[in-house]
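Asks: My questions concern the predicted model and sequence given below.
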Amino acid sequence: MDDYPLLNVFWTMCWFFLWIMWFFLLFRIVTDIFRDHELSGWGKAGWLAFCILLPFLGVLVYVIARGTGMTRRDVRQAEESEAAFQEYVRKAAGTSGGGGGAAELARLAELKEKGALTDAEYERAKAKLLA
């Protein structure tokens, strides 16, 4: 342990941390390149080649040139995921009509009062809804 002073251990840990962070950023950029639907296939290939052939410069230029777009794409994907989840919850809960069974019964009663449904139709629809 005397051959490797504490300050050298600290610097090694710092460089290792920066190396891991650079890989994390590189993977985020590659993911963003493929997620961007507005970028053409040649554009994706160009950015990918740039980031692979000149990794440090490619990552730095990509973040400078397209960094704000990365944020917008992240937000859009999060909103789409949230909307899909909310729609799934509504379908699973059976409230996609906007109020569930109680609202449907009230609508049937209103149609019966207006004369749009006969007593027999109302009873059949009510039995089907409550089943």
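Replies: Good, I have the coordinates.
Asks: can you tell me how far residue 79 sits from residue 61?
Replies: The gap separating residue 79 from residue 61 is 28 Å, by Cβ to Cβ, to the nearest Å. (C-beta placed from N, C-alpha, C; glycine too.)
Asks: more neighbours, these two?
Replies: The neighbour count for residue 79 versus residue 61, taken as other Cβ atoms under 10 Å, is higher for residue 61 (14 against 10).
Asks: tell me the contacts of the residue nearest to the more buried one when sequence neighbours are not counted?
Replies: The shortest distance from residue 61 to any non-neighbouring residue, by Cβ to Cβ, 6 or more residues apart in numbering, is to residue 50 (7.2 Å). Going by Cβ atoms under 8 Å, 6 or more residues apart in numbering, residue 50 touches 57-58, 61-62.
Asks: what's the closest of these to residue 29?
Replies: Of all the contacts of residue 50, residue 62 has the smallest distance to residue 29: 5.2 Å, by Cβ to Cβ.
Asks: which helices and strands does the host helix or strand of the closest one pack with?
Replies: Element membership of residue 62, judged by DSSP states H and E, is helix 55-93. Other elements packing on helix 55-93 under the criterion 3 or more Cβ pairs under 8 Å, 6 or more residues apart in numbering; DSSP states H and E are helix 6-35, helix 41-53.
Asks: so after that helix, what's the next helix or strand?
Replies: Heading C-terminal from helix 55-93 (DSSP H and E), you reach helix 100-114.
Asks: Let me know the average pLDDT across the next helix or strand after that next one.
Replies: Per DSSP H and E, the first helix or strand lying C-terminal to helix 100-114 is helix 119-130. Here helix 119-130 scores 86 as its mean pLDDT.
Asks: Show me the contact partners of helix 119-130.
Replies: 101, 104-105, 108-109, 111-112, 117.
Asks: Just the buried ones from the contacts of residue 50, in PyMOL syntax?
Replies: Buried residues among the contacts of residue 50 (16 or more other Cβ atoms under 10 Å), as a PyMOL selection:
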select buried, resi 58+62
